[in-house]
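Student: The following comprises the amino acid sequence and a computationally predicted model.
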Amino acid sequence: MFLSNKNKLVTILAVLIFPIVSYANVIDLFDAKGNGVAYIDFSDEKTIFLWTGEPVAYLDKESVYGFNGNHLGWFENGMIVDHDGDAICVRREKHPSPNFTEFKSFKEFKSFKSFKEFAPFKPSFTNQFSSTSCKQHLAKGI
């Protein structure tokens, strides 16, 4: 079967626009060295994935929780901040010198969410990066 010109145009537009729409709900996160290491997919229950595709955490309002129920920090002003007030990961726009990013791996299946622990009081933000890497910190949520 052949497609009409109108259907061809719709198909071409869908192929061209779909990737834009799918990335519109994703925020890439960069570590202290400027490497893209994680991303938040708002279209997938606000899940935080490592660049390797491994789901490690999720957002619950402004809190960041691991799938194991551990409170990992807060997502505020484009940054994930730990319990000491240090930045763990930041959006590209917040980083002073972000590097070129590689392609992300396919997303892996998410595990069930454990009961959440209570969030501690939010500290004052220090405006510096943590000594713990973004990848290591988020992996505490597995």
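Tutor: Noted; the coordinates are in hand. Numbering: from 1, shown residues only.
Student: pLDDT value on residue 56, please?
Tutor: We have a pLDDT of 97 for residue 56.
Student: try the one 3 residues further on
Tutor: Note for residue 59: predicted pLDDT of 97.
Student: For the helix or strand where it lies, which outside residues touch it?
Tutor: When secondary structure is defined using DSSP states H and E, the element that contains residue 59 is strand 55-60. Identification of contacts with strand 55-60 by C-beta atoms under 8 Å, 6 or more residues apart in numbering yields 38, 40, 45-50, 64-67, 72, 75, 107-111, 113, 116, 138-139, 141-142. Any C-beta I mention is one placed from the backbone N, CA and C, and that applies to glycine too.
Student: Would you mind naming the residues that bridge with the closest residue to residue 72 other than its chain neighbours?
Tutor: Once its chain neighbours are removed from consideration, residue 72 has its nearest residue in residue 64; the separation is 4.5 Å (C-beta to C-beta, 6 or more residues apart in numbering). When assigned by DSSP bridges, residue 64 has beta-bridge partners residue 59, residue 73.
Student: Residue 64 against residue 70, yeah?
Tutor: No - look at residue 64 against residue 70 with C-beta atoms under 8 Å: they stay out of range, at 9.5 Å.
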